[in-house]
Every structure is written in structure tokens, then in C-alpha cells.
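Student: Predicted coordinates and the sequence they were generated for:
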Amino acid sequence: MLYLILTVLFSTLLIVIIHTFEKSGVNTFRGIIINYLVCALTGFVVMPNKPIILEMIHWEGLPYCIGLGCMFFFVFIMVGKTVKTMGITTASVAQKISFAIPVIGAIILYNQSINIFKIIGILLAISSVLLISFQKEKSEEKIQIKHNFYLPIIVFLGGGFCDLTFNYIQQNFYLEAYKHGINIIIFFCAFLAGCIVMLFSKNYQFTIKDIKGGILLGIPNYFSLFFLLLTLEKSKIPSSSLFPLINLGVVTISAILGYFIFKESFPIKKIIGLLLAICSILIIRFWG
């Protein structure tokens with residue numbers, strides 16, 4: 001349970017930090033790239049047996065980690081495009097309900113149990129995320145939704161695929177000695193993918209603020225993935241229940257922090273969503 005709580009707390013901290021980027025003058029694109037490098041370096045620093053990285057060249061799970069790292073950055077790019085063309089609400093909803101993919105995958109691939117309570121809990125979870133995330137956006141320009149309908153679909157599938165792949169690595173290739181190495185490879189590959197995109201887009205004029213923002217984001221980002229891996233390994237709760245719990249925990253705490261720290265509005269829909277989230281967590285945890 002401790003690793004589950006730490007996963008939720010560090011994941012929530014990421015949202016808070018990214019939320020402050022714009023006000024702090026940090027370019028989100030460049031800050032994210034620096035963040036991935038800091039993640040990889042953080043993992044290398046805390047890794048007790050550093051030479052073991054060389055052994056992982058022959059590890060069967062290496063291709064999956066490389067692919068997952070590239071997917072991390074690709075999903076980020078798609079989220080950015082979705083926000084720009086369809087609004088932050090659509091992007092947020094697409095991201096948060098993507099946990100349905102690893103849940104379904106865990107049930108199909110690993111024969112994890114499914115009962116009426118887990119189904120009710122998942123449905124309540126999706127409903128709560130939709131209610132919490134939905135806010136009316138004012139825009140001076142009308143967004144051409146019909147021309148960009150595929151973007152939130154890609155975000156949904158991409159985010160869900162990342163979680164599913166990470167769970168697949170943990171279930172099939174995980175070794176205790178590689179727990180830091182896995183994260184280092186994933187984040188470094190995400191950094192390399194970001195560098196390639198940056199070079200083609202010619203968006204590589206880093207500022208001191210970008211670097212500071214990337215460092216501030218990178219350290220907790222590493223530990224959010226590290227504790228997720230430990231949660232999947234140590235928890236007795238099946239992954240089909242863990243992903244909704246983690247996601248809902250992040251959504252709920254983020255909404256509360258948004259209200260008290262960032263003075264965001266708290267309409268009746270968001271209140272109902274939070275109540276549904278709590279009900280979902282209780283159902284999935286104790287009866288799912």
C-alpha cells in the first residue's frame with residue numbers, strides 16, 4: 001500500500017509542476033525533454049549496481065523498453081496537439097480514461113478475475129473522471145473538431161498502450177536487479193526521441209528556466225515510474241484494479257489541490273465526480 005500511495009503522490013506532483021511551467025516561463029516542450037534526461041540520470045545515480053546496465057544489452061525485455069520510451073514522447077506530442085486544436089478538456093479526458101486499456105489487458109492476458117463489483121467500479125471510475133475533467137472552455141475561435149477527431153483517440157490508445165506495455169514488461173521480463181535499469185532505459189529513449197523531434201522542429205534554444213523546470217520535473221517523474229514498478233511487483237492487488245486506483249487517486253488529489261492552491265472552480269459536476277471516484281476506489285479495493 002505504501003508504494004501505491006507514493007506512486008499517486010509523485011504522479012500528482014508532476015501535474016502540479018507542469019501546471020506551473022507557463023507561469024514560470026518554462027517552455028513545456030523543451031522542459032519535458034530536459035526532464036527525460038534528468039530522469040535517466042537520477043536513476044543512474046540511485047542505482048546501486050551501475051555495471052548491470054551493460055548486462056541489459058542482452059536482456060529480452062530491452063526492445064520493449066526502447067519502444068516504450070519512444071512511445072512516451074510520442075504520446076506527449078499528441079497530447080500537445082490535442083490541447084492546441086481541441087482544448088485541454090478533451091486531452092485531459094482522453095489521458096485519464098486510458099487506464100481502461102491496461103485493465104482490460106490484464107483481465108485478458110493474465111486471466112485476472114472480473115466480477116460485477118469490478119465492472120461497476122470501472123464504470124464509476126470512468127464517469128467520475130469525465131465529470132471531474134469536464135469544464136466549459138471559452139474560446140475566441142471555433143475548433144474544427146471533425147478534422148481532428150483522431151487526436152484524442154491516439155492519446156487514449158497511446159496512453160493506455162504505455163501502461164499496458166509497462167505492465168507486460170513487469171509481468172514477463174522483470175528482474176529485481178533491473179528495477180532501476182528498466183526505468184533508465186525507458187527515460188533515456190524518451191529523451192533521444194525528444195532530441196530527434198527537437199532537431200527536426202528546430203526548437204532547441206534552451207533557456208535557464210527550461211533547464212531548471214526540467215530538473216524540477218525530472219526527479220519526481222523518475223520516482224513516479226519507479227514506485228509504479230514496485231507497486232505492480234509488491235502489491236497483492238491485481239493490476240486490473242491497481243491502474244484505476246492510481247488514476248483516480250491522482251485525479252482526486254489533483255482536483256483538491258487545484259481548488260485550494262490554484263483557486264480553480266469547483267462546480268457541482270466536479271463534486272459529484274469526486275464522490276463517484278471515492279465510491280469507485282472503495283468498490284475496486286474491497287470488492288473488486
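Tutor: Arrived safely.
Student: By mean pLDDT, point me to the weakest helix or strand of this protein.
Tutor: Of all the helices and strands that make up the chain, the one with the lowest confidence by mean pLDDT, DSSP states H and E is helix 88-96; it has a mean of 65.
Student: Going toward the C-terminus from that helix, what's the next helix or strand?
Tutor: Going down the chain from helix 88-96, the next helix or strand is helix 100-109, by DSSP states H and E.
Student: Report all helices and strands that that following helix contacts.
Tutor: Applying 3 or more CB pairs under 8 Å, 6 or more residues apart in numbering; DSSP states H and E, one finds that helix 100-109 contacts helix 116-133, helix 150-172, helix 239-260. The way it works is simple: take the backbone N, C-alpha and C, and place the C-beta from them, glycine included.
Student: what is the mean pLDDT for it?
Tutor: Within the predicted structure, the mean pLDDT of helix 100-109 is 82.
Student: got the contact list for that helix?
Tutor: The contact list for helix 100-109 (CB atoms under 8 Å, 6 or more residues apart in numbering) reads 112-114, 122, 126, 156-157, 159-161, 163-164, 167-168, 171, 238-241, 243-244.
Student: Which strands and helices lie in contact with the top helix by length along the chain?
Tutor: Under DSSP state H, the helix in the chain containing the largest number of residues is helix 208-234. Under the contact criterion of 3+ CB pairs under 8 Å, 6+ apart, the helices and strands touching helix 208-234 comprise helix 2-24, helix 28-46, helix 150-172, helix 179-201, helix 239-260.
Student: May I see the buried residues of the last one?
Tutor: Within helix 239-260, the residues that qualify as buried are 239-255, 257-258, counting by 16 or more other CB atoms under 10 Å.
Student: CA atoms only: put it into CSV for me.
Tutor: This file holds the C-alpha atoms of helix 239-260, laid out as CSV (Å, rounded to 0.1, in the frame of the first residue of the first chain):
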residue,chain,number,x,y,z
SER,A,239,-3.1,-4.8,-11.9
SER,A,240,-6.7,-4.6,-13.3
SER,A,241,-7.6,-2.9,-10.0
LEU,A,242,-4.4,-1.0,-9.4
PHE,A,243,-4.5,1.2,-12.5
PRO,A,244,-8.0,2.6,-11.8
LEU,A,245,-6.9,3.2,-8.1
ILE,A,246,-3.8,5.0,-9.2
ASN,A,247,-5.5,7.1,-11.8
LEU,A,248,-8.4,8.0,-9.6
GLY,A,249,-6.1,8.9,-6.7
VAL,A,250,-4.2,11.3,-9.0
VAL,A,251,-7.4,12.8,-10.4
THR,A,252,-8.9,13.3,-6.9
ILE,A,253,-5.8,14.8,-5.3
SER,A,254,-5.2,17.0,-8.3
ALA,A,255,-8.7,18.3,-8.2
ILE,A,256,-8.4,19.1,-4.4
LEU,A,257,-5.0,20.8,-4.9
GLY,A,258,-6.5,22.7,-7.9
TYR,A,259,-9.2,24.1,-5.7
PHE,A,260,-7.1,25.1,-2.7
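Student: tell me the angle of it relative to helix 208-234?
Tutor: Between helix 239-260 and helix 208-234, the angle formed by their directions is 140 degrees, by axes from the mean of the first three to the mean of the last three CA atoms, to 10 degrees.
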